[in-house]
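Asks: Below are the sequence and a predicted model for it; my questions follow.
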Amino acid sequence: MNSTIRIKLSFMMFLEFFIWGSWFVTLGTFLASNLTASGSQTASVFSTQSWGAIIAPFIIGLIADRYFNAEKILGFLHIVGAVLMYQMYNATDIAVFYPYVFGYMVLYMPTLALVNSVSFNQMKDPEKEFSIIRIWGTLGWIGAGLLISFYFHWDSKEATADGLLKNTFLMAGVASLILGLFSFVLPKTPPKATTGEKVSISELLGLDALKLLKDRNFLIFFISSILICIPLAFYYQNANLFLSTIGVDNPTGKMTIGQVSEVLFLLFLPVFFKKFGFKRTILVGMLAWAIRYAFFAYGNSGELSFLLILGIALHGICYDFFFVSGQIYTNSKAGEKFKSSAQGLITLATYGVGMLIGFEVAGFISDSYKVADGTMDWKMIWIIPAGIALVVFLLFALLFNDKTKADAKS
């Protein structure tokens, strides 16, 4: 890959995740402060990510892989996305906001696969080259958070009270327009399938890999993947609102510690995985979810603020040790025939079904523990997902069995 293409792909990946990080992190705080949304209404908005993940395979499989170059449909989706972002910026009511955010997530989630497709198409050795490109996505997410907190100060208590958090949608919209236009100068990535080729619904959704569930261990892993996404949804939906509400300064910027942690533990994961195997690695990831939420439950913005920082920093272990090691395990169990469909099935189970359930549960718990004066019982709101994560940890520890070292370390 020549340097010009590398720079283009890196810029593409930076903007892709800069857009997402520009508005999604502060979304819970925006909905509560600007649109006075209830917990259930907030859950419905966050659930649009899950619906987008469920619908995305149809867009990729039926349209992008068959009729248009990936870079062209990437550009089209982001330009339309910029228009929807502007409408979200102007929305003053949750009923007006919801259709726009739903439409946006249906269009945005497929772009996550499209940027990967454009990147892989230019690589001779993806295992070595992709991580160098993908890390710019994490840097884009971090950059968005730092701008919001330390440059624009949109998440400060005063700015939030003045409704300035809506500017995050404007920033995301501008970045989306830039990426949309830039996409048309990306390297050509023609469709892989021919228009006459039949593609089944089960193939698009990764359902061909359902036969892997006949393996008891894989079935336990599959169910655990869905269940662990319930506490994960609490973090996405409540973390920024929680930090803002209890008076933590620059909450969005401080939450980028989680992405820095993600990069560091991603480098450490292969060593841990090779030494301790799959089961122990994924158990560490599950336990980290329970610990981080316990830190959130008992931390505060004063003398125990270090617990909140530690909880945020655990994001790298929570995400990498569970999700990345799970992808490696799925790849090893699937075999050549079902590699792609198996990964699609796990993505559908986690970001689709698991997160959809999780956001609904998080919304219900938030409404249930809202005090009479309108404040939240944050201790209980975090203790409950900590308990869920601990139960999943115990079930997986008892039921999952590493049959051989080869299975555990492949």
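Replies: Cool, the structure landed. Residues are numbered from 1 along each chain as shown.
Asks: continuing past the helix or strand hosting residue 100, what's the next helix or strand?
Replies: The secondary structure element spanning residue 100 is helix 94-120 (assigned by DSSP states H and E). Tracing the chain C-terminally past helix 94-120 and defining elements by DSSP H and E, one meets helix 126-146 next.
Asks: Not counting sequence-adjacent ones, nearest residue to residue 212?
Replies: Ranked by CB to CB, 6 or more residues apart in numbering and with sequence neighbours excluded, the top spatial neighbour of residue 212 is residue 218, at 5.0 Å. Using the backbone N, CA and C atoms, a C-beta is placed for each residue, glycine as well.
Asks: can you count the residues close to the one you found?
Replies: Using other CB atoms under 10 Å, residue 218 is surrounded by 19 other residues.
Asks: now the host helix or strand of it and helix 126-146, what's the angle there?
Replies: Assessed by DSSP H and E, residue 218 sits inside helix 216-245. For the pair helix 216-245 and helix 126-146, the angle between their directions (axes from the mean of the first three to the mean of the last three CA atoms, to 10 degrees) equals 20 degrees.
Asks: Could you name the helices and strands sitting against helix 216-245?
Replies: With contacts taken as 3 or more CB pairs under 8 Å, 6 or more residues apart in numbering; DSSP states H and E, helix 216-245 sits against helix 27-34, helix 39-59, helix 251-255, helix 257-298, helix 325-347, helix 355-368, helix 378-399.
Asks: any chance of those helices in TSV, plus distance to residue 152, mean neighbour count and mean pLDDT?
Replies: Putting these into TSV (distance: least, CB to CB, whole Å; neighbours: other CB atoms under 10 Å; pLDDT from 0 to 100) gives the following:
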stretch	distance to residue 152	mean neighbour count	mean pLDDT
helix 27-34	14	24	95
helix 39-59	22	22	89
helix 251-255	10	25	96
helix 257-298	19	19	91
helix 325-347	33	19	74
helix 355-368	27	22	94
helix 378-399	26	18	96
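Asks: now for these, which one comes closest to residue 233?
Replies: Between residue 233 and these, the shortest gap by CB to CB is with helix 355-368, which sits at 2.7 Å.
Asks: Low-confidence bits of the stretch 101-250 of the chain, can you list those?
Replies: Low-confidence regions of the stretch 101-250 of the chain, defined here as pLDDT under 70, cover residues 127, 192-208.
Asks: The residue nearest to residue 212 and residue 331: what is the separation?
Replies: 12 Å (CB to CB, to the nearest Å).
Asks: what do you get for residue 345?
Replies: When residue 345 is compared with residue 331 (using CB to CB), they lie 12 Å apart.
Asks: quick revisit: hang on, isn't the residue nearest to residue 212 packed against residue 332?
Replies: No: Residue 218 sits out of contact with residue 332 when judged by CB atoms under 8 Å, with a separation of 10.3 Å.
Asks: got a pLDDT number for residue 61?
Replies: What the model reports for residue 61 is a pLDDT of 62.
Asks: The residue most central in space within the chain - nearest residue in space that isn't next to it in sequence?
Replies: The residue at the geometric middle of the chain, judged as the C-alpha nearest the mean C-alpha position with CA atoms, centre = their mean, is residue 351 (7.4 Å). With CB to CB, 6+ apart as the measure, residue 53 is the residue that lies nearest to residue 351, at 4.1 Å, once sequence neighbours are left out.
Asks: Settle this for me: that neighbour is touching residue 354, isn't it.
Replies: No: in this structure, residue 53 is not within contact of residue 354 by CB under 8 Å, at 9.9 Å.
Asks: one step back: now do the same contact list for the residue nearest to residue 351.
Replies: Contacts here follow CB atoms under 8 Å, 6 or more residues apart in numbering; on that basis residue 53 touches 109, 347-348, 351-352, 355.
Asks: how near is residue 141 to residue 354?
Replies: Computed with CB to CB, the distance linking residue 141 and residue 354 is 21 Å.
Asks: Check residue 271 too.
Replies: Using CB to CB, one gets 28 Å for the distance from residue 271 to residue 354.
Asks: cool, and residue 168?
Replies: Taking CB to CB as the criterion, residue 168 is separated from residue 354 by 26 Å.
Asks: I'd assumed residue 253 was in contact with residue 312.
Replies: No: using CB under 8 Å, residue 312 and residue 253 do not qualify as a contacting pair, with a distance of 10.8 Å.
Asks: which residues are common contacts for the two?
Replies: Overlap between the neighbourhoods of residue 312 and residue 253 is empty, taking contacts as CB under 8 Å, 6+ apart.
Asks: returning to that earlier point: same question for the helix holding residue 218: list its buried residues.
Replies: Residues of helix 216-245 classed as buried: 217-218, 220-245 (neighbour count, 16 or more other CB atoms under 10 Å).
Asks: what's stretch 290-307 in contact with?
Replies: 231, 234-235, 239, 242, 246-248, 308, 310-312, 314-315, 318, 378-380, 382-383, 385-387, 389-390, 393.
Asks: again with stretch 385-402
Replies: By CB under 8 Å, 6+ apart, the list of residues contacting stretch 385-402 from outside reads 217, 220-221, 224, 227-228, 230-231, 234-235, 277-279, 282-283, 286-287, 289-291, 293-294, 297, 362, 365, 408.
Asks: repeat that with 7 Å
Replies: Counting contacts by CB atoms under 7 Å, 6 or more residues apart in numbering, the residues outside stretch 385-402 that touch it are 217, 220-221, 224, 227-228, 230-231, 234, 277-279, 283, 286-287, 289-290, 293-294, 297, 408.
Asks: Now residue 8: closest residue in space, sequence neighbours ignored.
Replies: Spatial nearest neighbour of residue 8, chain neighbours left out: residue 186 (5.9 Å); criterion: CB to CB, 6+ apart.
Asks: Might you report the residue contacts of that neighbour?
Replies: Neighbouring residues of residue 186 by CB under 7 Å, 6+ apart: 8, 12, 71, 118.
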